[in-house]
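**Student:** Turn this into a model:
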Amino acid sequence: MFSTRTVALLLAAVALLPLGTPARAAPPPAPAPPSWEIDTPDQVLAPRVYTPTAAEDAVEPRDAVEGTYALVEYVPFDEVATRVACSKRAGPYQRAVERWLKLPADGKQSTADCKAIRAFQRQQRIEPAIGYAGPVTWARMQLVAATKNPNAQKKCPVRTHRVACVDLDRQLTWVQKGTKVVFGPVSMRSGRVVHPTRKGWHTIYWRHKNHVSTLYNAPMPYAQFFDGGQAFHAVYGNIHTTIGSMGCVNLTVGDARRLWGVLKKGDRVYVWGHRPGT
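**Tutor:** The predicted structure is shown next:
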């Protein structure tokens, strides 16, 4: 029998395989959410804004299932199945990872590349640690490098008031007041190519703790809307994927909960950069 972790690794590997399995019967429709959770479709129209009741706000969103945000790299299925010790394949983030490790950034996997990548993965407890330059490894490198001073390149404007900074280049977000970082940095997932997270200045105009997307029938815990249907919110799934969100800034439940306690209605948001792969 496979262990729970082995199953997780196999599922991550399958994500890289082309689709070719027979179509399955559609699952039964999910029960309709409470009336106070209904709104207009996210990313298409701005949500219906109203003042939540005290009873509604008293409901805390559920935590994610244990292991949801585990650092499980997306690797070729056959390399997991055959328990490859060191991958010979160039991953989708090969050049970026080589650059971060100060290796020749030629986009080609070498023995030296694999060993260096694998050493970082082991240090960060990324599994499977086989030296494959995937999205989890790249994202972790961005977070590690930014921890001390996420705004070292001064790309997020400094103001006397709070500014939520959304760095699409590194897939990081943080909040600063003046030069002081009051939240983060944390990893995030921004919009995909057809639903990009819109750049420039925005304002937090509505906060809805128990929001549910009616377009995708998916929970959006701790949603803080800043531009139309785009918001900071938690997701109950891995945020380190090669495919982006539908435009929102996706966070882990823990990070979204902490951000909820930092931002207020009227706070400013600044978005810049370009999501890798888009």
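**Student:** For the stretch 151-278 of the chain, give me the ranges with low pLDDT.
**Tutor:** 277-278 (pLDDT under 70).
**Student:** The same query, at a cut-off of 80, please.
**Tutor:** 214-217, 277-278 (pLDDT under 80).
**Student:** ok, which stretches of it are strands?
**Tutor:** For the stretch 151-278 of the chain, the strands defined by DSSP state E, counting those that start in this stretch cover 162-167, 172-177, 180-187, 200-203, 206-213, 218-227, 230-234, 249-251, 268-272.
**Student:** Can you name every helix or strand that the shortest one contacts?
**Tutor:** If you count contacts as 3 or more Cβ pairs under 8 Å, 6 or more residues apart in numbering; DSSP states H and E, strand 249-251 packs onto strand 230-234. All C-beta spots, glycine's among them, are computed from the backbone N, C-alpha and C.
**Student:** that's a strand at residue 112, yeah?
**Tutor:** No - counting by DSSP: H, G, I helix; E, B strand; the rest coil, residue 112 falls outside a strand, being helix.
**Student:** Now render the strands of the stretch 151-278 of the chain as JSON lines, adding distance to residue 106.
**Tutor:** Below are these laid out as JSON lines (distance: least, Cβ to Cβ, whole Å):
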{"stretch": "strand 162-167", "distance to residue 106": "26"}
{"stretch": "strand 172-177", "distance to residue 106": "26"}
{"stretch": "strand 180-187", "distance to residue 106": "27"}
{"stretch": "strand 200-203", "distance to residue 106": "35"}
{"stretch": "strand 206-213", "distance to residue 106": "42"}
{"stretch": "strand 218-227", "distance to residue 106": "39"}
{"stretch": "strand 230-234", "distance to residue 106": "37"}
{"stretch": "strand 249-251", "distance to residue 106": "32"}
{"stretch": "strand 268-272", "distance to residue 106": "29"}
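**Student:** Looking at the ones you listed, which is nearest to residue 58?
**Tutor:** strand 206-213 (9.3 Å; Cβ to Cβ).
**Student:** where does that closest one sit relative to the chain's centre, distance-wise?
**Tutor:** Chain-centre distance of strand 206-213: 18 Å, with Cα atoms, centre = their mean, to the nearest Å.
**Student:** returning to that earlier point: between the strands of the stretch 151-278 of the chain, which gets nearest to residue 155?
**Tutor:** The minimum distance between residue 155 and the strands of the stretch 151-278 of the chain falls on strand 268-272, with 5.8 Å, by Cβ to Cβ.
**Student:** Export the strands of the stretch 151-278 of the chain as JSON lines, with columns for distance to residue 78 and mean neighbour count.
**Tutor:** Shown next, in JSON lines, are the strands of the stretch 151-278 of the chain (distance: least, Cβ to Cβ, whole Å; neighbours: other Cβ atoms under 10 Å):
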{"stretch": "strand 162-167", "distance to residue 78": "35", "mean neighbour count": "23"}
{"stretch": "strand 172-177", "distance to residue 78": "32", "mean neighbour count": "22"}
{"stretch": "strand 180-187", "distance to residue 78": "28", "mean neighbour count": "19"}
{"stretch": "strand 200-203", "distance to residue 78": "44", "mean neighbour count": "13"}
{"stretch": "strand 206-213", "distance to residue 78": "36", "mean neighbour count": "22"}
{"stretch": "strand 218-227", "distance to residue 78": "32", "mean neighbour count": "24"}
{"stretch": "strand 230-234", "distance to residue 78": "34", "mean neighbour count": "27"}
{"stretch": "strand 249-251", "distance to residue 78": "30", "mean neighbour count": "26"}
{"stretch": "strand 268-272", "distance to residue 78": "38", "mean neighbour count": "20"}
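**Student:** Endpoint to endpoint, stretch 241-257 covers what distance?
**Tutor:** Distance between the two ends of stretch 241-257: 21 Å, counting by Cα to Cα, to the nearest Å.
**Student:** Show me which residues of that stretch are buried.
**Tutor:** 241, 244-253, 255-257 (16 or more other Cβ atoms under 10 Å).
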